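*Asks:* Return a 3D structure for these sequence lines:
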Amino acid sequence: MAQVEMVGIAKHFGGVKALRNVSFAAEAGEIHALMGENGAGKSTLMKTLSGAYLRDAGEIKLKGQVTDIQSPRQALDMGVTVIYQELVIAPHLSVAENIFIDHLSTGGFFVKRSHIEAEARKVLAEIGFTDIDVSRPAGELSIAYQQVVEICKALTRNSSVLVLDEPTAVLTSHETEKLFELLFQLRDKGVCIIYVSHRLEEIFHICTRATILKDGETVGTVNIADITQHDLINMMVGRELSDLFPDRSVEIGAPVLEVEGLNAGVMVQDVGFTLYAGEVLGFAGLVGAGRTETMRAIFGADARESGRIVLKGREISPSSPKEAIRDGIGLLPEDRKAQGVLLEMSVRVNGALRPDSPYESKVGLIDRAAEGRGIQALVEQLAVKTASIESNVGDLSGGNQQKVALMKWVDMGSDVLIVDEPTRGVDVGAKIEIYNVINDLAAKGVGVIVVSSEMTELIGVCDRVLVMREGHIAGELTGDDIREDKMIALAMGLN
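*Replies:* Numbers count the residues shown, from 1 in each chain. Presented below is the predicted three-dimensional model:
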C-alpha cells in the first residue's frame, strides 16, 4: 500500500493547464524522485499535495484512505511536510524559534527560550550542524544554513511524508552527504521521502524509483536500477540530448581582470588571481569560504578594505554595482529572487533593466519597438519558456527566472561576467542552454567567472578552478587535476 497516492490530478490557472490527469505514488520507507524540466508541473503537484493549491480534479490518498487536503495546516496535521525551494524562514526570529515555530504557543504566555534553544541544539547536533548559533536571527544565516533550519523544522513535526524541493541546491558536497545520511535514517524509520531534484547523480545515489513529468502529464515511473542517466534525460525532455557539457575550443587571451591583495571583512582575506580573456575560471569551496563575498567586493556591492582591481590594464575602484557595470563587469547573483530579477515586473522590463540601456535615446526616451525586438531575440536565444515578453517573471518556473536574470548580461558587452550558482534549481535542458551561453561569451573574448557548489559543473565548464577556504585562495587546479577529490581536499584544508 502506497503511503501517498495521487490519481488523476488536474490543476488549471486560467487558461493554462498546469497539471493534466497526473498520477503519482510513493511508499513508506522509500526515497522517490520526482523529475521533469522546469515548468513540467513538479512544484504544482507538490503544492497540491501540501494544500497550498486546491486541485480541480482527481483524488489524494494517504495510507490508502482518500483524503481532502484543503490547507497547508491540514496537510501538516496529516503528516505531510513540504520544504520548498523558496525557503519559508521568519528572518527576525532566532534559529531555535524557527525550528520550533509550531510549538511556540504551547507553553503559555511566555516562551521558555532556554528550553527551545537546548532542544534546537540537539536537533542540529543529530544532523551534524553544531556550528549554527541557535540564538542568532535566522535571516542572518547563509542560504545553505537557512535550508538546514527548514529541515530541522520538519524533523520536529514527525512527518510520515516529507517532500524536499531541490534541497541540495545551496549545499556543498560535504553538507549534501550529511543530508543524505539524515534522509537514509528517516527512510529506514519508514518515512516516505519525495525528492525533487535536477541533479541526476543524486537521484541515482539515493533514490529507488523516479516518476517523470512533462508538460503537466505523467510520462512514467521507473526503477532507478533499470535505467541509465541518458534514458532518464530523454524521458524528461522528450528528445535526444548531446553531452551535458559542450566542448570548449576557445583560445585563451591576455589578462582581462587582475585582483591583488583584496580584503573585505573576515570572508575575503588577501585574495588575488588573474582572469584571462576567453577563459572560464571556476571558484570552488565550502559554504562560508568567501566565494560570493569576493565577487561582491569586486562588483562594488560590498565595501573593499584594501586591494587592487585591474581591468584590461586599467586600475578601477568600483564603489557600487553601477560603477562596476560601467567599468565592464557584470554579475549574476546567487539569489535570483532577491537580487537577480524583479518578480512582479515583466520579462521585457527585466531583460532591459541595466544602466545605459541600448534602447534609450539621447533624450532619455525608450524605443519600445526596438526594446521589444531585442528582448524577444534574447528570449529565443536562451529558450525562455514564457507566454509573452509582457508576462511577469514571478509567473515563470525557477529555471526560466534564472534565464531571465542572465538575459541582461548576454548582450551587455561586458569584459568580465561573474555568474554565481548559474544553474541552481535549473533542469538538465536549461543547464545545457546556460552552459552554451557561457561558452559563447567566452568565445567572444569575455572572461567568465563561475562560482558553483556543483563540482561536476566546475569540472565540465571551467578551464581552471580556484578553491577558497576561510576567506583565502587555498589552491589552483588545472587540466586533469580539476577533480572532485582535489577540490574537496583543498576546501577542507587537507594535503
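
*Asks:* is Val419 in a bridge, and if so with what?
*Replies:* Beta bridges link Val419 to Leu332, Val450 when assigned by DSSP bridges.

*Asks:* Same check on Leu19?
*Replies:* The partner residues for Leu19, given DSSP bridges, come to Lys11.

*Asks:* Go ahead and confirm it touches Ala40.
*Replies:* No - using C-beta atoms under 8 Å as the test, Leu19 is too far from Ala40 to be in contact (9.8 Å). C-beta here means a position set from N, CA and C on the backbone, and glycine is covered the same way.

*Asks:* Mutual contacts of these two, please.
*Replies:* Gly216 (C-beta atoms under 8 Å, 6 or more residues apart in numbering).

*Asks:* Of these two, which one has the most company?
*Replies:* Higher neighbour count among Leu19 and Ala40: Leu19, with 28 against 24, using other C-beta atoms under 10 Å.

*Asks:* what's near enough to touch that one?
*Replies:* Counting by C-beta under 8 Å, 6+ apart, Leu19 makes contact with Ile9, Ala10, Lys11, Gly41, Thr44, Leu45, Thr48, Arg55, Gly216, Glu217.

*Asks:* OK, contacts around the first one?
*Replies:* By C-beta under 8 Å, 6+ apart, the residues touching Ile9 are Leu19, Asn21, Val22, Ser23, Phe24, Leu45, Thr48, Arg55, Ala57, Gly58, Ile60.

*Asks:* ok, and the closest non-adjacent residue to the third one?
*Replies:* Translated: Val22. Using C-beta to C-beta, 6 or more residues apart in numbering and skipping residues adjacent in sequence, the residue nearest Val22 is Ile9, 4.4 Å away.

*Asks:* Let's verify that neighbour: helix, strand, or coil?
*Replies:* Using DSSP: H, G, I helix; E, B strand; the rest coil as the criterion, the local structure at Ile9 reads strand.

*Asks:* Show the pLDDT at it.
*Replies:* Confidence at Ile9, expressed as pLDDT, is 96.

*Asks:* how close does it get to Ile60?
*Replies:* Distance, Ile9 to Ile60, by C-beta to C-beta, to the nearest Å: 8 Å.

*Asks:* where do the contact lists of those two overlap?
*Replies:* Counting by C-beta under 8 Å, 6+ apart, the contacts common to Ile9 and Ile60 are Thr48.

*Asks:* how about the contacts of Leu19 in CSV, adding distance to Ala90?
*Replies:* What follows is the contacts of Leu19, written out as CSV (distance: C-beta to C-beta, whole Å):
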residue, distance to Ala90
Ile9, 31
Ala10, 34
Lys11, 28
Gly41, 29
Thr44, 25
Leu45, 27
Thr48, 25
Arg55, 29
Gly216, 33
Glu217, 37
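
*Asks:* could you flag which of the contacts of Ile9 are buried?
*Replies:* Buried by 16 or more other C-beta atoms under 10 Å: Leu19, Val22, Phe24, Leu45, Thr48, Arg55, Gly58, Ile60, out of the contacts of Ile9.

*Asks:* returning to what we had before: which ones among the contacts of Ile9 lie within strands?
*Replies:* Leu19, Asn21, Val22, Ser23, Phe24, Ala57, Gly58, Ile60 (DSSP state E).

*Asks:* Go through these and name the one nearest Val256.
*Replies:* Ranked by distance to Val256 (C-beta to C-beta), those are led by Leu19 at 47.1 Å.

*Asks:* Excluding covalently adjacent residues, which one is nearest to Asp56?
*Replies:* Nearest residue to Asp56, sequence neighbours excluded (C-beta to C-beta, 6+ apart): Ala10, at 4.8 Å.

*Asks:* residues of stretch 58-77 that come out buried?
*Replies:* Neighbour-count burial for stretch 58-77, counted by 16+ other C-beta under 10 Å, picks out Gly58, Ile60, Lys61, Leu62, Lys63, Ile69, Pro72, Ala75, Leu76.

*Asks:* Tell me the gap between stretch 405-416 and the middle of its chain.
*Replies:* Taking C-alpha atoms, centre = their mean, to the nearest Å, the mean C-alpha location of stretch 405-416 is offset from the chain mean by 20 Å.

*Asks:* Please read the previous query as pertaining to stretch 186-195.
*Replies:* Using C-alpha atoms, centre = their mean, the offset of stretch 186-195 from its chain centre is 23 Å.

*Asks:* what's it in contact with?
*Replies:* 3-4, 26-34, 46, 159-164, 167, 183, 202-203, 206-207.

*Asks:* how much space between the residue nearest in space to the middle of the chain and Thr292?
*Replies:* Centroid check for the chain by C-alpha atoms, centre = their mean gives Arg424 as the closest residue, at 2.8 Å. Distance of Arg424 to Thr292, computed by C-beta to C-beta: 12 Å.

*Asks:* Identify the contacts common to the two.
*Replies:* In contact with both Arg424 and Thr292: Glu334, using C-beta under 8 Å, 6+ apart.
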